[in-house]
Structure formats: structure tokens, C-alpha cells
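# Got a predicted model here, sequence first, then my questions.
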Amino acid sequence: MSPASRSNGSPEPNWALARKQPTLRERARIMQRIRAFFVDQGFLEVETPQRIPANAPETHIVPVPSGDWCLHASPEVCMKRLLAAGFDKLFQICHCWRGEERGKRHLPEFTLLEWYEAGADYRTQMSDCEKLLCHLVPGKIVVYQGRKIDLAPPWERIGVAEAFRRFASCSLAEALAADRFDEAMALEIEPHLGRDKPAFLCDYPIAKGALARSKPADPGLVERFELYLLGMEVANGFSELIDAEEQRRRFAQEEAARRAMGQTPYPLPERFLAELPAMPESAGIALGVDRLIMLLTDRACIDEVVAFPPEML
């Protein structure tokens, strides 16, 4: 099909792209400020391969094949190997891929910000989130789709069990026993989180934290959190599990669950597991850049904050 033309015969611009220019300029500004924040905090920006032999297996993440390997769903495996090699403060902004993800808040190819710090735990990462967003929004007020959210710290920290007691129609134990955890989270709990101020949902059951360290005071829970603003999950972080035997056991459980669901089998990330004993106590976090930019630019759909959603290619 030939491009549309003006009355004088010259081709029309792609208006769907042209209208995005102010948002994409703002996106670029936000990305620059993110990088400046981490550089000022002494973090090293790194780049790791996006095509890898195997992701860390997680039940509800569908890898995207690339030949006999796959595209990474997260840079975590390689970044943790850097931690194990002695790098102490790392960040990366990169494209990641997950199959079967598409919607107003989901893209199959999306941008993640991940950062890792030796000697830190999940409480450190929660504090980092507060500092980062206040750096990006000095006025500490975000208005999104007519709703105002106050970014001034401290933000609410609510345990998963408490969130089930407050908002769900069943307890956490009942949801896990009936395999209703994800359903209850999406339909009953998440809409209530971060309504006036950002909220950290923390201390997940061990079954929902495959790479997270167990809490010393309660081994049935892991030191994991998710950050919510106006019911939208923006980040997922945890104190890292560094017990290689326990990590292998959890990976095997996740991979068995994946295969039972009919997903393509993948090997375990063996080099990561081999190097894990050298990894120091540390914490890491993945933050969805596209979703964050949706919130900061007041855009209702994730398509509005990227140049080319897949349907435009």
C-alpha cells in the first residue's frame, strides 16, 4: 500500500508516530535522570547478553526462543554472576522478552531497569525505590488519570498475609492451597495497593519467591517485595538467595511446574548455579521502565510510551 499523500502530492507523515514525539522526548529525559541517579550513587552501568542458554525458570514466565537458546526475560542471571565475580554495585537498562504477555500494561518486548548491590537486603532496595522516584519527581506529587499520589517517604510496607486479611475473600493459606494466589492478587488485592501513596507488598510465601532468601525469623516466607502505585505493579525486588543447593532445588520445582503446564523445556542456568557460592549477601530489583513512564507522563496505555508496539511493525 502506498503512503498517504497531502494534496500537493508529498507523502503524509505517520501521524501515529508523530503524535508520540512529546512523550518520547519526556521518556528520554527520564532515562537520562535514571542513569544520573545510579551513577551518582556509585553504581556501574553494565551490558549483558540478551540471548542466553537459559533464563532462571519461573512458572508463569514464558521464554521467547532464539534458535536453541532464548531471549532473556531479565538480565538477572548474568548480573548476579558479575556480583559473584566481585562487582559490588551494578545497574542495567535493557530490553527483555516474555511470551504471551500483551495488554494495556504489558508488552512482549519491554524495558527493564535492574540494579544489584552487595551487602544490601530488600529493605535497602525499598529505600532505593523511594529515593529514585523522589529524584525523578522533585515535587513528590504524581497525577495519573485524575488521581494524585504522594511520593514523600516513607511509603507503606504491607505483608502479603496482612493484605489477604484486609482485601481478599480468603486467607493466604487458603489461596495457596486452592491455587488461587495469583487470581486473588490480581482481582482482589492489587487494586487497593498504592492508592494515595506508593506501597510495598512484602514478605511473600516461599512458593512465590524462587530466587529470594528466606526470612530468618520465618523460613516459610521470603524477603521479597513488589512496589505498587495506584494498583499497578512497578517493581519486584528481594534479598538474594545465595545457597546453591537450595536454589537448584527451587529451580527444579519451577521447571517441573513449567513443563506440567506444557511450556517448552529449558535447561537450568548451570554456570550461574556453579558460581552462586561466590556471590555475597546482596539484593536486587527489577523495575518496569515502560510502566514507570506511563505513570510519570500520565498515559493510560503502555503503547503510548514506546515508539513501536508490535502491532505497528
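Right, received. Where do you want to start?
# show me where pLDDT drops low in this protein?
Flagging of the chain using pLDDT under 70 yields the residue ranges 1-9.
# Show me the strands in the stretch 1-150 of the chain, by range?
44-45, 51-52, 64-66, 69-71, 89-97, 109-118, 141-144, 147-150 (DSSP state E, counting those that start in this stretch).
# Of all the residues in the fourth one, which ones are buried?
Counting neighbours by 16 or more other C-beta atoms under 10 Å, one finds that the buried residues in strand 69-71 are 69-71. Where you see a C-beta, it was placed from the backbone N, CA and C, and this is true even at glycine.
# do the last one as well
For strand 147-150, a neighbour-count test (16+ other C-beta under 10 Å) marks Ile149 as buried.
# what kind of secondary structure is the residue nearest to Ala120 when sequence neighbours are not counted in?
In space, and not counting its chain neighbours, Ala120 is closest to Ala283: 4.2 Å by C-beta to C-beta, 6 or more residues apart in numbering. Of the three states, Ala283 takes strand according to DSSP: H, G, I helix; E, B strand; the rest coil.
# okay, now Ala283: neighbour count?
24 (other C-beta atoms under 10 Å).
# Now for it: which residues touch it?
116-117, 120-122, 124-125, 237-240 (C-beta atoms under 8 Å, 6 or more residues apart in numbering).
# try 6 Å
120-122, 124-125, 239 (C-beta atoms under 6 Å, 6 or more residues apart in numbering).
# Just the buried ones out of the residues you listed, please.
Counted by 16+ other C-beta under 10 Å, the contacts of Ala283 give 120-122, 125, 239 as buried.
# Which of those residues fall within helices?
Here DSSP state H is the test, and these give 122, 125 as lying in helices.
# Nearest to Arg29 among the buried ones among the contacts of Ala283?
Minimum distance to Arg29 across the buried ones among the contacts of Ala283 is 24.3 Å, recorded for Gln125 (C-beta to C-beta).
# any idea whether the residue nearest to the closest one when sequence neighbours are not counted is helix, strand or coil?
Using C-beta to C-beta, 6+ apart and skipping residues adjacent in sequence, the residue nearest Gln125 is Gly237, 4.2 Å away. Here Gly237 is recorded as strand under three-state DSSP.
# how many other residues sit next to Gly237?
Counted with other C-beta under 10 Å, the neighbours of Gly237 add up to 29.
# partners of it in the sheet?
Phe225, Ile285 (DSSP bridges).
# contacting residues around it?
122, 125, 225, 285.
# One more: Tyr144?
Here Tyr144 is in contact with 230, 295, 298 (C-beta under 6 Å, 6+ apart).
# Can you name the residues that contact the last one?
So the one you mean is Asp298. Asp298 makes contact with Tyr144, according to C-beta under 6 Å, 6+ apart.
# how close does it sit to Arg291?
The span separating Asp298 from Arg291 equals 13 Å under the rule C-beta to C-beta, to the nearest Å.
# circling back: when you check the contacts of Tyr144 against the strands, which ones overlap?
Counting by DSSP state E, these place none of their members in strands.
# that older thread, out of the contacts of Ala283, who's nearest Glu245?
Out of the contacts of Ala283, the member with the shortest distance to Glu245 (by C-beta to C-beta) is Ser239, at 17.6 Å.
# For the closest one, give its distance to Ile285.
10 Å.
# Run the angle between the lengthiest helix in the chain and strand 109-118 for me.
Ranked by residue count, the top helix of the chain under DSSP H comes out as helix 21-40. Here helix 21-40 points in a direction 10 degrees away from that of strand 109-118 (axes from the mean of the first three to the mean of the last three C-alpha atoms, to 10 degrees).
# I would like the residues contacting helix 21-40, please.
Contact with helix 21-40 is made by 91, 132, 135-136, 293, 297, 305, as judged by C-beta under 6 Å, 6+ apart.
# Who wins on neighbours among those?
In these, the most neighbours by other C-beta under 10 Å go to Val305, 25 neighbours.
# Just the element for the closest residue to that one other than its chain neighbours, please.
The shortest distance from Val305 to any non-neighbouring residue, by C-beta to C-beta, 6+ apart, is to Ile293 (4.5 Å). Ile293 belongs to helix 289-297 when elements are defined using DSSP states H and E.
# can you list the residues that contact that helix?
By C-beta under 6 Å, 6+ apart, helix 289-297 touches 23, 26-27, 30, 110-111, 113, 144, 229, 234, 302, 305.
# And the residue nearest to Gln125, how far from Glu174?
In terms of C-beta to C-beta, Gly237 sits 27 Å off from Glu174.
# now Leu132
Taking C-beta to C-beta, one finds Leu132 at 36 Å from Glu174.
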